[in-house]
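Engineer: Quick one: sequence plus predicted model below, questions after.
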Amino acid sequence: MLADSQGILAILADACKSPFKNNSFDALLAIQALEYIPLADTTNLINELSRVLKPEGVILLTLKKCSDDNDREFYYNYENNYLIVKHFHRCWGTIGLNSIRKHFNILRLDEDEDYYYVLAQNTKKVSK
């Protein structure tokens, strides 16, 4: 593995049930990753991201944008001369963004035709 060759510990885990302790990270980065999480797991995902992120930690996300602003799941086919692969995707709309707002203060929200770019801060308070 590339990570091993560079002396980096790479951990493969379920984003909705991560093996990390509470408050493990100062920052999280999820670039073109959350579009593979089913709609039914959105609440678990957001809760888990907040749990492992330190209070007031920051998160940077790219989220596949729904053209009509309605969160939904869909499949698309990748085809070549040898095979057809069906890929699961989900896109994010108002409902998904509001789920993020339950645990995160959105500091910046930019968008283009295809994606939302979200910089947010965990609203979890520092415990004394």
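Structural biologist: Happy to help now that I have it. Residues are numbered from 1 along each chain as shown.
Engineer: okay, and the helix or strand of the chain with the least pLDDT?
Structural biologist: helix 2-5 (a mean of 71; mean pLDDT, DSSP states H and E).
Engineer: quick one: Ile46 is in a strand?
Structural biologist: No: using DSSP: H, G, I helix; E, B strand; the rest coil, the assignment for Ile46 is helix, not a strand.
Engineer: name the helices or strands packed onto the helix or strand following the least confident helix or strand of the chain?
Structural biologist: Once helix 2-5 ends, the next helix or strand along the chain (criterion: DSSP states H and E) is strand 25-30. The helices and strands touching strand 25-30, judged by 3 or more Cβ pairs under 8 Å, 6 or more residues apart in numbering; DSSP states H and E, are helix 42-52, strand 53-64. C-beta here means a position set from N, CA and C on the backbone, and glycine is covered the same way.
Engineer: List the buried residues in the shortest one.
Structural biologist: Pointing back at helix 42-52 there. 42, 45-46, 48-52 (16 or more other Cβ atoms under 10 Å).
Engineer: same check, this time on stretch 96-111
Structural biologist: 96-97, 99-100, 103-104.
Engineer: just checking, which of the residues you listed belong to helices?
Structural biologist: 96-97, 99-100 (DSSP state H).
Engineer: Output those residues in JSON lines, with pLDDT and distance to Leu12 appended to each entry.
Structural biologist: Formatted as JSON lines, these follow (pLDDT from 0 to 100; distance: Cβ to Cβ, whole Å):
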{"residue": "Gly96", "pLDDT": "94", "distance to Leu12": "24"}
{"residue": "Leu97", "pLDDT": "95", "distance to Leu12": "28"}
{"residue": "Ser99", "pLDDT": "94", "distance to Leu12": "25"}
{"residue": "Ile100", "pLDDT": "96", "distance to Leu12": "24"}
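Engineer: residue nearest the centroid of the chain?
Structural biologist: Leu34 (3.6 Å; Cα atoms, centre = their mean).
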